[in-house]
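Participant: any chance you could fold what I've pasted below:
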Amino acid sequence: MKNMIKLPFATTVLSLALIGCASKGGIKVEEAKPNPLPKIQATQALNKVFSNTVSSSPKHDTLHLQLDRANNVFYSADPDGEVAAYDGKKQLWEVRPTKDLTAGVSVGGNVAVVGSRQGKLIALNAQTGETLWTQQLSGSILSPSLIEQNRVVTITNDGTVYTHDAESGQMVWTFDLPNTPLSVRGYAMPTLLDSRTVGIATANAYVYALDLITGVPRWQRRVAVSEGRGDIARLVDIDSRPVVVDGNMVSVSYQGQVTVVDLASQQVRWTEKASSLSSPAADSSAVYVANSDGRLVAYNLADGAKLWENDQLLHRGLSNPVLLGGVLVVGDYDGVLHLIDPITGQLHGRAETKGQVHNLRVEDDLLFVSTDKGHYTVWQNLVN
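Facilitator: Numbers count the residues shown, from 1 in each chain. Just a heads-up that it's a prediction; the model follows:
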């Protein structure tokens, strides 16, 4: 197994916040107080269309579990090992293929895939919940798999990329990521760069582009540079999934930069200083980043010019931002979903769930939300 030290994100943040103290207490941890909820005049609203509750994530060990949807059926995963399918409020099936789950659900075709801390990759029949196949991988699976073109692409926490045939479970190819001695725990979910290329973001500040079918490396690009002193201050992990828009790949690193790469030439178009473990959002005109300190910043997609900055949500533990119709949405530590005008950066509304919001995803004009308290919700944008 590769020799790496993986730091939980909470541990990393606290390490960076340690301040010497002359009192008998020795070292004191100064935690910034979150800004109170700003007063707003709500002009935007969300409508909840689905909700489900599972077990909470372990404390200080946030899990990358997600709700997925296919053919109008919702699929949820419980940290205790249960996977369930719902047609509206009606439960179609529920199974427990393992004792614990740390990644999933990903659904593609007739296959629903989940992963465990022990490295078990499990594929279920999406219609019945029957186990189709199980593979034992070399490390913990801490991010959802990508299912495309009958391939299941999975990253283990020891830095190995596995690809299996979705129907048979047969391993098709593997790729070893470079060994990084110190990094934030976990890897981002693989992302599709084009119909034949999968992108893998890593702790060494590179994105690797691999042929989805063969696993052959197509190119690699460094997208962040360390500017810190000391091992922890030099961490520039890309722990979030890059976003692809209009032939560009947008990535953001921890204690690094937000970077836009032209996928045709693989050349960096622009880069600006930023720090986040959450994926950016992007559309044809702008890139949106929720920094680790809670600052929301919008940049022009073409040249990186700053369009606006909002510091009303400082230290509220923001999730990744996403675009839902004409609204920018970001969640926080208290389960609040903030609705923001993407043109001006002004707060225009809010909705509430339970627990810290760690993952937002938009598919088919629906907002998928998951929290550390095990609350899955799906929302629609209510247009004025």
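Participant: find the least confident helix or strand in this protein, judged by mean pLDDT.
Facilitator: strand 18-20 (a mean of 33; mean pLDDT, DSSP states H and E).
Participant: skipping its backbone neighbours, what lies nearest the spatially most central residue of the chain in space?
Facilitator: The structure's the chain has its C-alpha centroid closest to residue 240; by Cα atoms, centre = their mean the separation is 5.1 Å. Once flanking residues are discounted, residue 240 sits nearest to residue 279: 4.0 Å by Cβ to Cβ, 6 or more residues apart in numbering. In this view, the C-beta of every residue, glycine as well, is placed from N, C-alpha and C.
Participant: look at the one you found and give its secondary structure.
Facilitator: Judged by DSSP: H, G, I helix; E, B strand; the rest coil, the three-state class of residue 279 is coil.
Participant: for it, phi and psi?
Facilitator: phi -60, psi 150 (degrees, to the nearest 10).
Participant: going forward, begin numbering at 3 instead of 1
Facilitator: Sounds good: first residue 3 from here, last item residue 281.
Participant: for residue 267, grab the count of nearby residues.
Facilitator: 10 (other Cβ atoms under 10 Å).
Participant: ok, now residue 270?
Facilitator: Residue 270 has 15 nearby residues by other Cβ under 10 Å.
Participant: quick check, it in contact with residue 263.
Facilitator: Yes. If you go by Cβ atoms under 8 Å, residue 270 and residue 263 touch, sitting 5.5 Å apart.
Participant: shared neighbours of those two, anything?
Facilitator: Common neighbours of residue 270 and residue 263, using Cβ atoms under 8 Å, 6 or more residues apart in numbering, are 223, 225.
Participant: for residue 315, what are its contacts?
Facilitator: Contact analysis of residue 315 by Cβ under 8 Å, 6+ apart lists 37, 40, 296, 298, 332, 334, 340.
Participant: and it, that's in a strand?
Facilitator: No. Counting by three-state DSSP, residue 315 is not part of a strand but coil.
Participant: can you pull out the helices in the stretch 53-202 of the chain?
Facilitator: Applying DSSP state H, counting those that start in this stretch to the stretch 53-202 of the chain gives no helices.
Participant: so where's it uncertain?
Facilitator: 61-64, 182-188 (pLDDT under 70).
Participant: and residue 350, what element?
Facilitator: strand 349-354 (DSSP states H and E).
Participant: and the next element down the chain from that strand?
Facilitator: Heading C-terminal from strand 349-354 (DSSP H and E), you reach strand 359-365.
Participant: who touches the residue lying closest to residue 378 once chain neighbours are set aside in this structure?
Facilitator: Using Cβ to Cβ, 6+ apart and skipping residues adjacent in sequence, the residue nearest residue 378 is residue 69, 4.2 Å away. With contact taken as Cβ under 8 Å, 6+ apart, residue 69 is in contact with 52, 54, 76-78, 107, 370, 372, 378, 380.
Participant: how about 6 Å then?
Facilitator: 76, 78, 370, 378 (Cβ atoms under 6 Å, 6 or more residues apart in numbering).
Participant: and the second one, how close does it get to residue 172?
Facilitator: Spelled out, it's residue 78. 28 Å (Cβ to Cβ, to the nearest Å).
Participant: could you count how many residues lie near residue 95?
Facilitator: The number of residues near residue 95, taken as other Cβ under 10 Å, comes to 17.
Participant: pretty sure it is touching residue 131, no?
Facilitator: Yes. Residue 95 is within contact range of residue 131, at 3.9 Å (criterion: Cβ atoms under 6 Å).
Participant: between these two, what contacts are shared?
Facilitator: Counting by Cβ under 6 Å, 6+ apart, nothing touches both residue 95 and residue 131.
Participant: count the neighbours of the residue lying closest to residue 86 once chain neighbours are set aside for me.
Facilitator: Of all residues not flanking residue 86 in the chain, residue 96 sits nearest, at 4.2 Å (Cβ to Cβ, 6+ apart). The number of residues packed around residue 96, counting by other Cβ under 10 Å, is 13.
Participant: repeat that for residue 35.
Facilitator: 7.
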